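Colleague: 3D, please:
(one chain, ligands or ions: 1)
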Amino acid sequence: MKLITFSHENRTRIGVHDGDSVVDLADAAPALPTEMCAFLAAGRAALDAARSAVAGDQGRLDAASVRLLAPIPKPSKVLAVGLNYRDHIEETGMKTPEIPMIFNKQSTSVTGPFDPIHVPRASDKLDYEGELAVVIGRRCRHVPRDRAAEVIAGYCVADDVSVRDWQMRSATFTMGKSWDTHCPLGPWLTTADEVEPHTLRLETWVNGELRQNSNTEQLLFDCFTLVEHLSTAFTLEPGDVISTGTPSGAGALMNPRKYLVAGDVVKVEIEGLGAIENTCIEEPADTVLIEPSDRIG
Ligand code: MG
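Modeller: The predicted model follows:
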């Protein structure tokens, strides 16, 4: 099942992408939560209800009439991994990590599968990283590797957009990895029953030029090992995202380097999971924001 968060006629809710149409679960299965994290937290019963809804005719919308948002628009955590593809480690010439190199992206960096990526006013070193993202389905802690599949709701495509100068100039990656719009996710959350996560082709194009061409079999620490490792420390919650790292071919490692500029179109596709495509635009003036203190509602 391809689970989506979408907006239609100015209302946001969840549904199932099914060929040329979308099943609006708020209409087809009104007892279900209308927000993805709550839906995932409702577990197997919710998934079964969604499957039944897809088998029926209720709540069908033309897929072209809806706007797809990130399947999890505001995850409680977005965790990510550096140096986790063998081909990427090789191109950097760095030592193979003995434990996963974890950093986090702020939830405010999440954006939709076809929404613009902002080229920061404060940097011209913008780069892409096509990645496989794991989405957690059950609240969990201390999950052994051999049970990790039980807590994974599904998988989607991510772009771990990076601001290289901000990433590299301090001891942690946080400031370089978390700018608003720098975590496109989607186009949908493919449920785990339909995915073998460790043999998937991953490709990234910039303006139609193939930049990354790899396979998740190159992962150093696979999805299940990452769940075990991360859950040793943190409670993982429904909707939490783990972006599993990028293969070789990011712009900063090309010779000469090729950073993203306004107008560039970045497409990331993963076999069986679909494609996301985001256009880079200059950071708009309206990102300057101090919300009024007397705002109501
Ligand atoms: Mg990355």
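Colleague: sec struct for the residue nearest to T172 when sequence neighbours are not counted, please.
Modeller: Counting by Cβ to Cβ, 6 or more residues apart in numbering, F103 is the residue found nearest to T172 once chain neighbours are left out, at 6.8 Å. Heads up, the C-betas are built off the backbone N, CA and C, glycines and all. Counting by DSSP: H, G, I helix; E, B strand; the rest coil, the backbone at F103 sits in strand.
Colleague: How about the contacts made by F103?
Modeller: For F103, the contact set (Cβ atoms under 8 Å, 6 or more residues apart in numbering) comprises L79, A80, V81, G82, T172, F173, T174, K177.
Colleague: same deal with P97?
Modeller: By Cβ under 8 Å, 6+ apart, P97 lies in contact with G82, L83, N84, I89, L220.
Colleague: Out of those, give me the one that has the most neighbours.
Modeller: The most crowded member of these is N84, carrying 25 neighbours; neighbours defined as other Cβ atoms under 10 Å.
Colleague: what's that residue in contact with, if anything?
Modeller: Under the criterion of Cβ under 8 Å, 6+ apart, the contact partners of N84 comprise P97, P100, M101, L219, L220, F221, T244, G245, T246.
Colleague: Intersect those residues with the contacts of the ion.
Modeller: Intersecting the contacts of N84 with the surroundings of the ion, defined as Cβ under 5 Å from the ion, gives T246.
Colleague: what's the burial count for whichever residue of the stretch 151-297 of the chain sits closest to the ion?
Modeller: Nearest to the ion in the stretch 151-297 of the chain, going by Cβ to the ion, is D160, at a distance of 3.4 Å. Here the number of neighbours of D160 (other Cβ under 10 Å) works out to 28.
Colleague: returning to that earlier point: most neighbours out of the contacts of F103, which is it?
Modeller: In the contacts of F103, the most neighbours by other Cβ under 10 Å go to A80, 28 neighbours.
Colleague: thinking again about what came up before, so how far is E203 from the closest residue to the residue of the stretch 151-297 of the chain closest to the ion other than its chain neighbours?
Modeller: In space, D160 comes closest to E129 once its chain neighbours are excluded; the distance is 3.9 Å by Cβ to Cβ, 6+ apart. E129 sits at a distance of 13 Å from E203 (criterion: Cβ to Cβ, to the nearest Å).
Colleague: just to revisit the earlier point, got the contacts of F103 as TSV, with pLDDT columns?
Modeller: Written out in TSV, the entries for these read as follows (pLDDT from 0 to 100):
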residue	pLDDT
L79	98
A80	98
V81	98
G82	96
T172	94
F173	95
T174	95
K177	97
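Colleague: Need these in a markdown table (columns: secondary structure and distance to V16).
Modeller: Below are the contacts of F103 laid out as a markdown table (DSSP: H, G, I helix; E, B strand; the rest coil; distance: Cβ to Cβ, whole Å):
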| residue | secondary structure | distance to V16 |
| --- | --- | --- |
| L79 | strand | 26 |
| A80 | strand | 27 |
| V81 | strand | 29 |
| G82 | strand | 34 |
| T172 | coil | 38 |
| F173 | coil | 35 |
| T174 | helix | 35 |
| K177 | helix | 31 |
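Colleague: Which of those sits closest to V151?
Modeller: Distances from V151 to the contacts of F103, taken as Cβ to Cβ, are shortest for L79 (13.7 Å).
Colleague: Now the closest one. Nearest residue, chain neighbours left out?
Modeller: The spatial neighbour of L79 that comes closest, neighbours along the chain excluded (Cβ to Cβ, 6+ apart), is I242 at 4.9 Å.
Colleague: same thing with Y155?
Modeller: The shortest distance from Y155 to any residue that is not its chain neighbour, by Cβ to Cβ, 6+ apart, is 5.0 Å, and that residue is V195.
Colleague: show me the contacts for the one you found.
Modeller: Under the criterion of Cβ under 8 Å, 6+ apart, the contact list for V195 reads G154, Y155, G272, L273.
Colleague: Now do E98, the pLDDT please.
Modeller: Per-residue confidence for E98 comes out at a pLDDT of 97.
Colleague: Same question for I296.
Modeller: I296 is assigned a predicted lDDT (pLDDT) of 68.
Colleague: What is the neighbour count of D264?
Modeller: 19.
Colleague: In terms of helices and strands, where is the closest residue to it other than its chain neighbours?
Modeller: On the basis of Cβ to Cβ, 6+ apart, the spatially nearest residue to D264 that is not a chain neighbour turns out to be C280, at 4.5 Å. Assigned by DSSP states H and E, C280 falls within strand 274-282.
Colleague: now that strand, how far from the centre of its chain.
Modeller: With Cα atoms, centre = their mean, to the nearest Å as the basis, strand 274-282 stands 13 Å off its chain's centre.
Colleague: Give me the contacts around it.
Modeller: Identification of contacts with strand 274-282 by Cβ under 8 Å, 6+ apart yields 2, 111, 113-119, 121, 126, 157-159, 184-188, 190, 260-269.
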